[in-house]
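Undergrad: sequence unavailable; structure follows:
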């Protein structure tokens, strides 16, 4: 699921994850502190109980000897159901007399008269305990003890609760992160979609706004303002280049005519120079002409001006026109047309696009190479393809060659102004056809996909 | 020639009028249909250049009005690129020729010349024989002979030569050739027409001292003895 994958990479989700880790750490620290505080308290209370028992048994012995404490031990033992308090009465030789420990254990003295020991309980578990020994002089000894970790059981309960709460929290954080990132992602994706459409050439497209005046709306509004500016700037640049072309055509034509007049009066030695000037002037005029053509096609009339065009016939005508040129360059020109390739459009413009493509193809194909023009109907569109066996165009530069004045040949030594494919592009856009430059292996293949004409 | 230009696009009008004046024509300019129609009906012109889209009265209405009042002044219609029905509608309305913007000035001039000559010569009868110096074309038998020697031509080359011979002595532009021989209308920014001409030339002029087909620099071709 690419959507989920994308979602897991979003900033929102990563932020949620980061907060999750932070939360986990702080909860763990809190838990440790609680553990430590409660643990200390519980241990102290358990020690107090042992002290009280020691004092009680000591006092009773003073008053009534062994006879006074034996029933109490039996009673305590009976009341002790959890099994975490231990009593053992022993004689002078540490032989067990009464209590819930089987034998007098090995004692290790710890602090302040406390002793620690461990023993094997009936259920086979080794239990460590701590307690105090009361000297019942002259009869023997009494050991009062409790399990060393009185807090252990409680701690287990706390731990289990902690893990459960933490698990639920993490799950909530994860799904919350997904939900939030989904929400944000939807907004960002709609902006991305609009941006891609704009990059694909639809400069009239704008970023969506929801009217909530949140930060995404703010972003969209600002981007839209920027797009408005770009559109008007591009418009004015285009407008300016068209105006320049227009305004320069009149004086250039005048210049050309004067050269022509001059040529009639010139000596043989001068004629060559004048001819070169005339050639330059013609080149400039034709560049301006192309520029104006592109501008006029781009700002062209609505679809109403378009009629049904038989692409099959147009392609065949274009091939016939170019056959002579191809033969002259020893290039094989194939014309593969299927019947019934009909589109809605302007027959002359489509023919012009085809001649531009064939012109380019023949220009860049070496002798003995092949150029193929193809027109074939596909599902809901008609494909017009011109393929050559020339050097082709590197993939990274295929988008740029459609721009005005862009030329692959950086030295600009080959003839042409870099407007041929721009004109094809303008004609394609006018027909709502998509243009694609592909690798013909070797060579370039230009594909124009026209929307098929509705059968009327 | 006295020429009326009816065109509302200022830069196009300036381009056309300026060029025509420099070529020695007497040019009037109207920037809307109403003024244009008024001038066209009250003054005598040798040719009209009329934009298709005009404020006031549109170009086609002007031509229809003129033709209805039996005014046969030759008219060249100007139109924006990519308006497909214009040519047919323009010619149906009574226009004589049709030019899409942007156009080269040499193109406009060549067409004006052709129109002016046609209206002066004006023999409407269908010709069956065309002759340019030693070159003869029999339109019925589809035969071409130079100095009595038959020249084999493919259909397209025959059409090309026929058009040149019909306009013998006049400059014929590449656009006019593409329009009338191949029936496509745009300014070919390519040398593809030249290849066809040089093939034709190889058949017509090869081995002869006098070259009949001449290249007119910056404009097109001309056939003449």
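TA: Yep, that arrived. Since we're looking at a predicted model, the values are computed, not measured.
Undergrad: what residues of stretch B:92-103 count as buried?
TA: B:93, B:94, B:95, B:96, B:97, B:98, B:99, B:100, B:101, B:102, B:103 (16 or more other Cβ atoms under 10 Å in any protein chain shown). From N, CA and C alone the C-beta is placed, and that goes for glycine too.
Undergrad: can you check stretch A:3-20 too?
TA: For stretch A:3-20, using 16+ other Cβ under 10 Å, the buried residues are A:7, A:10, A:12, A:13, A:16, A:20.
Undergrad: what sits against residue 146?
TA: Since no chain was named, I'll use chain A. For residue A:146, the contacting residues are A:46, A:49, A:50, A:84, A:85, A:86, A:129, A:130, A:131, by Cβ atoms under 8 Å, 6 or more residues apart in numbering or on different chains.
Undergrad: oops, I was thinking of chain B
TA: Neighbouring residues of residue B:146 by Cβ under 8 Å, 6+ apart: B:134, B:135, B:136, B:204, B:208.
Undergrad: ok, now how distant is the second one from residue A:438?
TA: Distance check for residue B:135 against residue A:438: by Cβ to Cβ, to the nearest Å, it reads 48 Å.
Undergrad: same question, the third one
TA: Separation of residue B:136 from residue A:438 (Cβ to Cβ): 51 Å.
Undergrad: may I have the predicted confidence score for residue 164?
TA: Unless you meant another one, I'm taking chain A. Listed pLDDT for residue A:164 reads 91.
Undergrad: right idea, wrong chain: chain B
TA: 94.
Undergrad: now do the same for it: helix, strand or coil?
TA: The local conformation at residue B:164, judged by DSSP: H, G, I helix; E, B strand; the rest coil, is helix.
Undergrad: correct me if wrong: it contacts residue B:220.
TA: No - if you go by Cβ atoms under 8 Å, residue B:164 and residue B:220 don't touch, sitting 9.8 Å apart.
Undergrad: domain-wise, how is the chain divided?
TA: Answering for chain A, as no chain was given. A:2-154, A:215-298, A:305-451 (automatic domain parsing).
Undergrad: sorry, should have said chain B
TA: Annotated domains of chain B cover B:2-121, B:129-223 [automatic domain parsing].
Undergrad: give me the pLDDT for residue A:27.
TA: Residue A:27 carries a pLDDT value of 85.
Undergrad: now do the contacts for it.
TA: Residue A:27 makes contact with A:162, A:166, A:169, according to Cβ under 8 Å, 6+ apart.
Undergrad: for chain B, name the helix or strand with the lowest mean pLDDT.
TA: When the helices and strands of chain B are scored by mean pLDDT, DSSP states H and E, helix B:86-93 comes last with a mean of 78.
Undergrad: helix/strand/coil for the closest residue to residue A:339 other than its chain neighbours?
TA: Distances taken as Cβ to Cβ, 6 or more residues apart in numbering or on different chains place residue A:312 nearest to residue A:339, at 5.9 Å, with adjacent residues excluded. Counting by three-state DSSP, the backbone at residue A:312 sits in helix.
Undergrad: for residue B:45, same thing?
TA: coil.
Undergrad: how near is it to residue A:407?
TA: Plainly put, residue B:45 is 45 Å away from residue A:407 if you go by Cβ to Cβ.
Undergrad: what of residue A:212?
TA: Counting by Cβ to Cβ, the gap from residue A:212 to residue A:407 is 48 Å.
Undergrad: which of those two has more residues huddled nearby?
TA: Neighbours were counted for residue A:212 and for residue A:407 using other Cβ atoms under 10 Å in any protein chain shown; residue A:407 has more, 18 against 9.
Undergrad: from what I can see the more buried one touches residue A:418, true?
TA: Yes - applying Cβ under 8 Å, one finds residue A:407 in contact with residue A:418, separated by 4.0 Å.
Undergrad: from the chain's centre, how far out does the longest helix along chain B sit?
TA: Longest helix in chain B by number of residues (criterion: DSSP state H): helix B:105-121. Helix B:105-121 has its average C-alpha position 6 Å from the chain's average C-alpha position, going by Cα atoms, centre = their mean, to the nearest Å.
Undergrad: next secondary structure element downstream of that helix?
TA: strand B:129-132 (DSSP states H and E).
Undergrad: who in the stretch 201-350 of chain A is up against chain B?
TA: Proximity of the stretch 201-350 of chain A to chain B (Cβ under 8 Å from any Cβ of the partner chain) is limited to residues A:243, A:246-247, A:249-250, A:253-254, A:256-257, A:260, A:275, A:278, A:281-282, A:285-286, A:288-290, A:292-293, A:296-297, A:300-301, A:305-307, A:317, A:320-322, A:324-325, A:328, A:345-349.
Undergrad: where does chain B get nearest to chain A, residue-wise?
TA: Chain A sits closest to residue B:102 of chain B, with a gap of 3.7 Å, by Cβ to the nearest Cβ.
Undergrad: so which strand or helix has the closest residue to that residue other than its chain neighbours?
TA: Of all residues not flanking residue B:102 in the chain, residue A:292 sits nearest, at 3.7 Å (Cβ to Cβ, 6+ apart). Applying DSSP H and E as the criterion places residue A:292 in helix A:268-298.
Undergrad: now do residue A:192
TA: helix A:152-199.
Undergrad: so which elements touch that helix?
TA: With contacts taken as 3 or more Cβ pairs under 8 Å, 6 or more residues apart in numbering or on different chains; DSSP states H and E, helix A:152-199 sits against helix A:2-8, helix A:11-79, helix A:215-265.
Undergrad: quick one: it to chain centroid distance?
TA: Its chain's C-alpha centre and that of helix A:152-199 lie 17 Å apart, by Cα atoms, centre = their mean.
Undergrad: could you do stretch A:122-140 as well?
TA: The answer for stretch A:122-140 is 68 Å, by Cα atoms, centre = their mean.
Undergrad: shaky segments in chain A?
TA: For chain A, applying pLDDT under 70 flags the ranges A:1-2, A:80-83, A:150, A:200-201, A:300-305, A:409-417, A:454-456.
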